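Participant: Predicted structure and sequence below. I'll ask about it afterward.
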Amino acid sequence: MKLSIIIPVFNEEKTIAQVIKNVYSVDFDNITREIIIIDDGSSDKSLNEIKKAITGKKDIALIGQSRNQGKGAAVASGIVEASGDYIIIQDADFEYDPNQIKELVKPILENRAKVVYGTRLNRMPHLGKEEGKPRFLLHYFGNRFLSLVTSVLYGAWITDMETCYKLFPAKIGKSLKLRSKRFDFEPEITAKLLKSGYKILELPITTKPRGYEEGQKLRTFSNSSCFIFISS
């Protein structure tokens, strides 16, 4: 099995070099892996940091987009370039630990699933911390609501539609014809996977949510676009 790890990057100069190092150092045992990094028109020093971080490393490809188009567009570019049997998405910050990817791959190798999501929503937010702030709670409960709507429409229980860790066959990823350019990519790919007849297995993961003061991009959705992707 060959795994393609897609890393979309936008203005992550402080974290991307270490993220690349962390992903590259994961021992996937008998799994061959490639890393595809898409710089989505960063206006900071992200591109320079990426170039330095990948120097001398094998099986890493860099795609540079001249202007910012959004996470969905960046991931779509990575899917086109992917040569693996399976694809997983890795964010360019420290929220997701790439060592957990091995656990998500296990059900694939054991023929127990074709699509695996890592779910963060097996707990409530820590209200006394960063997660208790209104913007985080809006995002949290918005994700909960959209995941519930998706579950009802497609008869498949989904708790975390917005998770970064989506593991799916490259063949189906290339055939979905994703249209969304930004974060509405998350409901679109989830809805299209379910509509194509794929069951999504969710496994719990741990994360380290970033504070908004640290530069996390607030993932806001247009309700209309989300419902179009979920219900169409």
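Facilitator: Yes, it's here.

Participant: In three-state terms, label the residue most central in space within the chain for me.
Facilitator: For the chain, the residue sitting closest to the mean C-alpha position, by CA atoms, centre = their mean, is C164 at 2.7 Å. Secondary structure state of C164, per DSSP: H, G, I helix; E, B strand; the rest coil, is coil.

Participant: Name the nearest residue to it, ignoring sequence neighbours.
Facilitator: Nearest in space to C164, with sequence neighbours left out and distances taken as CB to CB, 6 or more residues apart in numbering, is D91 at 4.6 Å. Where C-beta positions appear, they are placed from N, C-alpha and C, glycine not excepted.

Participant: measure the one you found to D97 for me?
Facilitator: Relative to D97, D91 is positioned 11 Å away (CB to CB, to the nearest Å).

Participant: In terms of packing, which of those two has more residues around it?
Facilitator: Residue environment comparison for D91 versus D97 gives the larger neighbour count to D91, 21 against 15, counting by other CB atoms under 10 Å.

Participant: what's the distance between that one and I38?
Facilitator: Here the distance between D91 and I38 works out to 12 Å (CB to CB).

Participant: what do those two both touch?
Facilitator: In the contact map built from CB atoms under 8 Å, 6 or more residues apart in numbering, the residues linked to both D91 and I38 are 7-8.

Participant: Strands along the protein, start to end?
Facilitator: If DSSP state E is used as the criterion, the strands of the chain fall at 2-9, 32-40, 60-65, 86-89, 115-119, 166-169, 200-204.

Participant: now the longest one: how far from the chain's centre is it?
Facilitator: Using CA atoms, centre = their mean, to the nearest Å, the mean C-alpha position of strand 32-40 is found 12 Å from that of the whole chain.

Participant: Now do that strand: everything it contacts.
Facilitator: With contact meaning CB under 8 Å, 6+ apart, strand 32-40 is reached by 1-10, 20, 23-24, 26, 46-47, 50, 54, 59-65, 68-71, 73-75, 77-78, 81-84.

Participant: quick one on the thing from earlier: who are the contact partners of the residue nearest to C164?
Facilitator: Applying CB under 8 Å, 6+ apart, the residues near D91 are 7-8, 19, 164.

Participant: at 10 Å what do you get?
Facilitator: Residues touching D91, when contacts are defined by CB atoms under 10 Å, 6 or more residues apart in numbering, comprise 7-9, 12, 15, 19, 71, 98, 163-165, 207, 210, 216.

Participant: what would those residues look like in a markdown table with distance to A113?
Facilitator: Conversion of the contacts of D91 to a markdown table gives the following (distance: CB to CB, whole Å):
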| residue | distance to A113 |
| --- | --- |
| I7 | 23 |
| P8 | 24 |
| V9 | 28 |
| E12 | 30 |
| T15 | 30 |
| V19 | 26 |
| K71 | 24 |
| P98 | 20 |
| T163 | 15 |
| C164 | 18 |
| Y165 | 13 |
| T207 | 21 |
| R210 | 29 |
| Q216 | 30 |
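
Participant: which of those are buried?
Facilitator: The neighbour count (16 or more other CB atoms under 10 Å) marks 7-9, 12, 15, 19, 71, 98, 163-165, 207, 210, 216 as buried among the contacts of D91.

Participant: Show me which of these is closest to Y117.
Facilitator: Here the nearest of the buried ones among the contacts of D91 to Y117, counting by CB to CB, is T163; it sits at 5.4 Å.

Participant: Take the contacts of strand 32-40 and, keeping just the buried ones, write it as a ChimeraX select command.
Facilitator: Buried residues within the contacts of strand 32-40, as defined by 16+ other CB under 10 Å, are selected in ChimeraX through the command that follows:
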select :3,4,5,6,7,8,9,10,20,23,24,26,46,47,50,54,60,61,62,63,65,68,69,70,71,73,74,75,77,78,82,84
